[in-house]
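*Asks:* Okay, sequence plus prediction incoming.
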Amino acid sequence: MKIVKHSFDGIIVGAGGAGLRAAIEAAPTMKLAVITKLYPTRSHTGAAQGGMSAALANVEEDNWNWHAFDTVKGSDYLADQPAVDILCKEAIDAVVELEHWGLPFSRLESGKIAQRRFGGHTVKEGAAPAFRACYAADRTGHMILQTLYQKCVSMGVEFFDEFQVLDIKIEDGVCKGVVAYEIATGDLHVFEARAVTFATGGFGKIFKVSSNAHSLTGDGPGMLYQKGIPLEDMEFYQFHPTGIYRLGILLSEAARGEGGILRNKDGERFMERYAPSIKDLAPRDMVSRAIATEISAGNGAGPNNDYVFLDLTHLGEEAIMKKLPDITDFVRTYVKIEPINDPIPVQPTAHYAMGGIPTDVNGRVLSDHKGGVIEGVYAAGEAACVSVHGANRLGTNSLLDIVVFGKRAGQSMVDYVSSTKASPLNESAADDLSNKISGFMEKEHTTEFSVAKIRSELQDSMEENAKIFRSKETLDNQTEILSDLRERYKNVTISDKSKVFNSELLEAIELDYLLDMADTTVASALARKESRGAHSREDYPDRDDTKFMKHSFAFKNGDSVKLEYKDVELGKYEPMERKY
Amino acid sequence: MEIDLKILRYDPENDKKGHWEYYKVDAEPEERILDLLHKIKWFEDGSLSFRKSCAHGVCGSDAMVVNGENMLACQVLVKEVSNPIKIEPIRGLPVLKDLIVDMEPFFDSYKKVMPFLINDDEPGDRERLQSPEDRDKFEDTTKCILCAACTTSCPVFWTADSYIGPAAIVNAHRFVMDSRDQGSKQRLEIMKDVNGAFRCRTAFNCTSACPRGIQVTKAIEDVKRETLLNN
């Protein structure tokens, strides 16, 4: 296998919003490269739709403390409040900075950035829905991704496109660099670098119905987990209420922010019963649970009573086409329904990982639940868990998270690189990965152990046992299934033995990460004997602040998961019952 | 329903000439072309190579030629195309393997138009103002996902790959028409080049090919006009 050696100060893995924002911060002062398994503009930040919240107060009175209150309440009090304060306070400058770099926000008549309503965002600590989400039609994520990439192009940031990082080298708790696979040639590249940021995104592909791209396989969290680094709060996975029926394609919460209504098979606006004050604009965990409850009560629509309707018909053609053009397009393309005239069949779809690689507020990766750090390793965005989203993220706060904490991770790289010296990493760093790949190339293929077979069983079973409602029974069942899948994965084989664009090989390696993500999700969910935010236990329906005001830390322990806990950092907001 | 697929295969290691491969796949009428490719790759022939990511038409990975027309494989349903379905890589860029082409020349052209906001004024600590009317002037071209469906449908590009191509001009348009931008003079110089906007022969292939519905030919005409007015 050909091995190519590179020497950098800093490496960023992943070129979505968090990775690009970190790159912009770090590139001016160090030799930096961004490595992505896609092209940067293919990253899933581009699929985010509705907006990015900041208390700009362009439409009405607002302040960042109210944003922080909503974020903490939305998190079901599991978010670390000092981190939430940073997120909401720095939001304002983050939005303005993106505008200065050219982001084409939609505008108010005054010429200021337009803002819209979004789930869980209120003024005066719950008084009424707030106009806080800064948006560019319903393609805000696309605009953020494009703008950040454009800024990187203008700065001459160096990219390695379609290179997949598959190993990180950490010696004695200190980062030495990464090893990447060049997808077009099959060559291995050793990147010596003393600062590495993981911004690889989420892992929605552990579920069958998902809004996530095929590429979202938990590469960063999986790679670090396999090196003994824990994963935080993995039991908290967000299901977005409005995925297109069966396909899971996201229909933005902006649809409800602009006045859209959820209805059951009888046309009833059922959210009035679940969240009497803000109704359809309740946070996502509550709306998804409400939909699941309606469906299990027989109130779902369709021949199998398994979906509800998102009704936009009263908004009028002009508002729909101006403010929600992309999702209108998706509905027309994939379900052949005209949203201007007819309600849209929707169901909850796997959407966002609140958990991930544990970091402090400066993106530094934690090595344990006691506050230890790994020198030179950083994480940001969905791959990371700061934690600002706690048990349930509010809509729009992910786009905010990537720029605020992407920037902070980049700044940490700068500080670290300026205070340390380069340390060599030689070609032999590629040995482990080289052996792993040779193993796949040499093993004879059998369809019984194909990647797709194991992966589809993983996705089907997670959908069945670990989605919106969970219980000891379903989670025990899933633990057994995962252990069987893990055994079978040890024999996984591939049919493609070529060196050029061997995506089957990469899917085989990614499946290992997906299994890690599922293992840690299920183990953490089983141990959390309460219901909080997105984690709903049918056998423990109440929140238990006495026992579980804690973040879980899942460590790899052979083929099983070992759990530790860390107290939530509280602040000015006292935990209270979550009503809307 | 059973679908017949005919896919142009190429493998630089073992099949330098390339060949048509025939497959039969069971599919629902509502499935995407991308779903069919996955069925082949995952359950029949793991070596079939194509790019994909978001699977709903926003990332721009999977532009290919389906029954003779450029489209995103994730954006077209089985029932919308006639059976048998013929799939080839997009044209005018070097094929690397099966449906994967070399995108580097495409991104090089994109970078030539300085695709970033140029404005040296001190912006202050709040957003620059822009009226909704000024914002609307470049709304259409902000939608570009750089999938290359337009550029690789252009007959001028097929015969002269030195032509900067529709996608690059769309991205020039996005900044030339932005009231906040001050870099138009430089960008329009690039557009005046022999390989710039005037190479366009108004075939409209790009407009039909755009999976985002951008009025690409109109954007190119806007840029030509700006070039003349600013001369």
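*Replies:* That came through, no problem.
*Asks:* Next secondary structure element downstream of the longest strand anywhere in chain B?
*Replies:* If you go by DSSP state E, chain B has its longest strand at strand B:15-26. For strand B:15-26, the succeeding helix or strand toward the C-terminus, using DSSP states H and E, is helix B:33-43.
*Asks:* sorry, back to before: mind listing residues that contact the longest strand of chain B?
*Replies:* For strand B:15-26, the external contacting residues (CB atoms under 8 Å, 6 or more residues apart in numbering or on different chains) are B:1-10, B:36, B:39-40, B:44-45, B:95. Where you see a C-beta, it was placed from the backbone N, CA and C, and this is true even at glycine.
*Asks:* one more time with 7 Å
*Replies:* B:2-10, B:36, B:39-40, B:44 (CB atoms under 7 Å, 6 or more residues apart in numbering or on different chains).
*Asks:* cool, and stretch B:94-114?
*Replies:* Residues contacting stretch B:94-114 (CB under 7 Å, 6+ apart): A:39, A:153, A:184, A:500-501, B:9-12, B:48-51, B:64, B:87, B:89-90, B:93, B:146, B:148, B:151, B:161, B:164-165, B:167-168, B:171-172, B:183, B:186-187, B:190.
*Asks:* any idea of the mean pLDDT for that stretch?
*Replies:* Averaging pLDDT along stretch B:94-114 yields 98.
*Asks:* and what of stretch B:133-147?
*Replies:* Stretch B:133-147 comes out at a mean pLDDT of 98.
*Asks:* Buried ones in it, by neighbour count?
*Replies:* B:135, B:137-147 (16 or more other CB atoms under 10 Å in any protein chain shown).
*Asks:* before we move on, the earlier item: can you list the strands that the longest strand of chain B pairs with?
*Replies:* strand B:2-11 (antiparallel) (DSSP bridges).
*Asks:* What angle do helix B:33-43 and the strand it pairs with make with each other?
*Replies:* Angle of strand B:2-11 versus helix B:33-43, following axes from the mean of the first three to the mean of the last three CA atoms, to 10 degrees, is 70 degrees.
*Asks:* Name the single longest helix found in chain B.
*Replies:* Looking across chain B with DSSP state H, the single longest helix is helix B:216-229.
*Asks:* what residue is smack in the middle of chain B?
*Replies:* Closest to where the C-alpha atoms of chain B average out (CA atoms, centre = their mean) is residue B:148, at 2.2 Å.
*Asks:* List the contacts of that residue.
*Replies:* Taking CB under 7 Å, 6+ apart, one finds B:63, B:90, B:103, B:106, B:167 in contact with residue B:148.
*Asks:* Please report phi then psi for it.
*Replies:* Main-chain dihedrals, residue B:148, degrees, to the nearest 10: phi 80, psi 10.
*Asks:* repeat for the one 3 residues further on
*Replies:* Main-chain torsions, residue B:151, degrees, to the nearest 10: phi -60, psi -40.
*Asks:* which element is residue 65 on?
*Replies:* Since no chain was named, I'll use chain A. Going by DSSP H and E, residue A:65 is in helix A:64-74.
*Asks:* Chain B was what I was after
*Replies:* Using DSSP H and E, residue B:65 falls in strand B:63-66.
*Asks:* Within its sheet, name the partner strands of that strand and how each one runs.
*Replies:* Strand B:63-66 has these strand partners (DSSP bridges): strand B:69-72 (antiparallel), strand B:85-88 (antiparallel).
*Asks:* any idea of the mean pLDDT for that strand?
*Replies:* 98.
*Asks:* And the contacts of that strand?
*Replies:* B:33, B:70, B:72-73, B:76, B:81, B:85, B:87-91, B:99, B:147-149.
*Asks:* what separates it from the chain centre, distance-wise?
*Replies:* Relative to the chain's own centre, strand B:63-66 is displaced by 10 Å; criterion: CA atoms, centre = their mean, to the nearest Å.
*Asks:* Quickly list the domain ranges of chain B.
*Replies:* B:2-101, B:104-120+B:129-229 (automatic domain parsing).
*Asks:* what's the first-to-last distance across the last one?
*Replies:* Okay, so that is domain B:104-120+B:129-229. Terminal residues of domain B:104-120+B:129-229 lie 32 Å apart, using CA to CA, to the nearest Å.
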